[in-house]
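K.L.:
Got a predicted structure here, sequence first:
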Amino acid sequence: MQRKIAVCPGSFDPVTIGHLDIIRRASKLFDNVIVVVMSNYKKMGNYSFTQAERVEMLIRCTKDMPNVVVDTHCGLLAEYAKEKGAVAIVKGLRAVSDFEDEFQQALINKKLNPDVETMFLAAEAESMYLSSSVVKQVSALGGDVSPFVPGEILEDIIERLGL
Ligand code: ADP
């Protein structure tokens, strides 16, 4: 039987416990999960970590998930999913504020690649408020970000973004 592959796209600048929760849950639903670090043209030049650093941090944080791999992509996600034979794009949905943009992306991706379904997993209550930007803001103001990011990358964040 063909293995079911899902992709979990994002900027992961840096990866948070909210991202990791979605990746972990997806890894239980699919045979293989590809976490794909995208370079979003809207955010170009605004990243705190290079693409290679974001990949390396994700690899460290997902090492206990044997069916998860990390990759990068710069073009269309729908094309990437087709290339990899993925059946689903898995995304986390935090609040109503995420909805409109995510819904638009899901519809566009469906048009571009009708073979791939976008699936939304509801964020955990504890990480509903969490985003990479919040982590960056708290860290830049000298706050403790340990409740928000995986322990494996805490030092990297303090070093790069702390006071
Ligand atoms: P951000 O929105 O923090 O910049 P990304 O662009 O890297 O993050 O988002 C990648 C995916 O992870 C998106 O589907 C986004 O909705 C999801 N995600 C981000 N933060 C969380 C969270 N705290 N809980 C659940 N899903 C999240």
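P.N.:
Arrived safely, thanks for sending.
K.L.:
would you list every one of the strands in the chain?
P.N.:
Secondary structure of the chain (DSSP state E): strands at 5-10, 32-38, 68-73, 88-93, 117-122.
K.L.:
For residue 7, give me its contacts.
P.N.:
Residue 7 sits next to 33, 34, 35, 36, 77, 80, 81, 84, 86, 88, 89, 90 when contact means C-beta atoms under 8 Å, 6 or more residues apart in numbering. For the C-beta atoms, the positions are set from N, CA and C on the backbone; glycine is no exception.
K.L.:
How about the residues of the protein by the ligand?
P.N.:
Within the chain, the residues that sit near the ligand (C-beta under 6 Å from any ligand atom) are 10-12, 16, 18-19, 22, 91-92, 94, 98, 123, 127, 130-132.
K.L.:
Identify the residues contacting stretch 130-147?
P.N.:
For stretch 130-147, the external contacting residues (C-beta under 8 Å, 6+ apart) are 11-18, 48, 94, 123, 148-149, 154, 157-158, 161-163.
K.L.:
Name the residues of stretch 27-34 that are buried.
P.N.:
Buried residues in stretch 27-34, counted by 16 or more other C-beta atoms under 10 Å: 27, 30, 32, 33, 34.
K.L.:
want to throw those into JSON lines with distance to residue 142 and pLDDT?
P.N.:
Listed next are the buried residues of stretch 27-34 as JSON lines, based on distance: C-beta to C-beta, whole Å; pLDDT from 0 to 100:
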{"residue": "27", "distance to residue 142": "34", "pLDDT": "98"}
{"residue": "30", "distance to residue 142": "39", "pLDDT": "98"}
{"residue": "32", "distance to residue 142": "40", "pLDDT": "98"}
{"residue": "33", "distance to residue 142": "35", "pLDDT": "98"}
{"residue": "34", "distance to residue 142": "36", "pLDDT": "98"}
